[in-house]
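Colleague: any chance you can model this:
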Amino acid sequence: MILRLASATALLLAVAAPALAVGPNCHDQIAQIKEQLSNNPQAKQSLGAKVDEADRLCNENKDEQAQNMARQIREQMSQASTKGNASGSSTSSGKSR
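Modeller: Prediction:
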């Protein structure tokens, strides 16, 4: 009986632990994205409106929506940097000295 109770408690804690984990709030996420975009004017120009929208949602306490938009922005930034690296990586002649 005690073994079952201990097992049930352990299972409950294992399931609840991820829900208790606290990540950065939407203001922190937006600030991080803005910092990354400040180093890339072209990305800032193309994603600036989305960042402003995510910031607005965050300020309206719509954290879930703001964090979803922040995730989309980070994915777009990642895709853009991957494309940029793939297209500009063949500049060396391949000769060694």
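
Colleague: what about E53, distance to S78?
Modeller: Computed as Cβ to Cβ, to the nearest Å, the E53 to S78 distance reads 19 Å. In short, each C-beta sits where N, CA and C put it, glycine included.

Colleague: ok, the two, which is more surrounded?
Modeller: Neighbour count, other Cβ atoms under 10 Å: between E53 and S78, E53 has more, with 14 against 10.

Colleague: neighbours of N40, how many?
Modeller: 15.

Colleague: no no, D52
Modeller: D52: 12 neighbours (other Cβ under 10 Å).

Colleague: tell me the confidence at it?
Modeller: D52 is assigned 94 on the pLDDT scale.

Colleague: what do you get for the one 4 residues further on?
Modeller: Confidence at R56, expressed as pLDDT, is 95.

Colleague: so what's R56 up against?
Modeller: Contacts for R56 were tallied using Cβ atoms under 8 Å, 6 or more residues apart in numbering; there are none.
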